[in-house]
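**Student:** Here is a sequence with its predicted model. Questions after.
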Amino acid sequence: MQTPWWEWTLSGIGTAGVLAVARRFITKTPPQAPAKNTLALQGPVSGTNLAVGDNARQEIHIHGATHREPLPKPRKCEPSPRDIIQKINSAMPFLRDSTAEAFEGVEVHWLARFSSARKEEVEDSDRWWIHCVIEESESPYLSVQFALSEPQPELKSAEKNQLLCVRGRIANAKYGSFFLRPDPEIELLHR
């Protein structure tokens, strides 16, 4: 004999099922977009002054901060500095110079850390030689050097290891060092 529908609905199983479905649709809230000018932090917060918990809100006001557009990340430059040096060093000894010459004029866009600057008098003007360590390099370090007619005021006040974005063309590549053509584009990154 078949049980009438109303007995099944009024039993505990039917009521629980109807309530579960109803609760899901009633309590479901649409996802909210983060408020403009908010900051989301991730990671451990123990030992910090951050508000923690469900529905915790905390405002941190930074005085004197200016909004800057995010800097474009240097694109993956192929071949990388390490690839170029490995290709030159793996060439047969008498072919290394011609292999290095094949990379002359290649445009690069690399992250580097400012290392030093020196002034050099050339004919009627001065030139600054800038030496940087390429950011992605590990020991042995790869360096990039270039000449600037007039360094940016921001670069003149840069400290050692300041992160730079350098965009220019290779003039010479040998023995773990790259020399770029004069006056490449330089941008100081404040990270």
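**Tutor:** Structure's in. What do you need?

**Student:** ranges for the strands of the chain?
**Tutor:** Applying DSSP state E to the chain gives strands spanning 107-122, 125-134, 143-148, 163-174, 177-180, 185-188.

**Student:** relative orientation of the fourth one and strand 125-134 in degrees?
**Tutor:** Inter-element angle recorded for strand 163-174 and strand 125-134: 100 degrees (by axes from the mean of the first three to the mean of the last three Cα atoms, to 10 degrees).

**Student:** next one: the third one
**Tutor:** Note on geometry: by the same axes, to 10 degrees, strand 143-148 and strand 125-134 are set 160 degrees apart in direction.

**Student:** Relative to strand 143-148, what are the paired strands and their orientations?
**Tutor:** In the sheet, strand 143-148 lines up against strand 125-134 (antiparallel), strand 177-180 (parallel) (DSSP bridges).

**Student:** tell me the most buried of those strands?
**Tutor:** strand 177-180 (a mean of 21; mean count of other Cβ atoms under 10 Å). Backbone N, C-alpha and C define where each C-beta goes, glycine included.

**Student:** got a list of contacts for that strand?
**Tutor:** With Cβ atoms under 8 Å, 6 or more residues apart in numbering as the test, strand 177-180 has contacts from 81, 84, 108, 134, 142-146, 166, 168-173.

**Student:** From those residues, pick the one nearest Lys160.
**Tutor:** Lys160 lies nearest to Ser143 out of the contacts of strand 177-180, by Cβ to Cβ, at 13.6 Å.

**Student:** For the closest one, grab the count of nearby residues.
**Tutor:** By the measure other Cβ atoms under 10 Å, the count of residues near Ser143 is 19.

**Student:** how near is the residue nearest to it when sequence neighbours are not counted to Glu123?
**Tutor:** Setting aside the residues directly before and after it, Ser143 is nearest to Ser177 in space (Cβ to Cβ, 6 or more residues apart in numbering), at 4.9 Å. Counting by Cβ to Cβ, to the nearest Å, the gap between Ser177 and Glu123 amounts to 25 Å.

**Student:** Next: Gly168.
**Tutor:** Using Cβ to Cβ, Gly168 is found at 22 Å from Glu123.

**Student:** between the two, who's got more neighbours?
**Tutor:** A side-by-side neighbour count of Gly168 and Glu123, using other Cβ under 10 Å, places Gly168 first with 20 against 6.

**Student:** quick one: low-confidence ranges for this structure?
**Tutor:** Residues of the chain meeting the criterion pLDDT under 70: 1-22, 24-25, 27-78, 137-139, 191.

**Student:** Spell out, range by range, the helices that occur in it.
**Tutor:** Remark: helices assigned in the chain by DSSP state H are 5-10, 12-27, 81-90, 96-101, 153-156.
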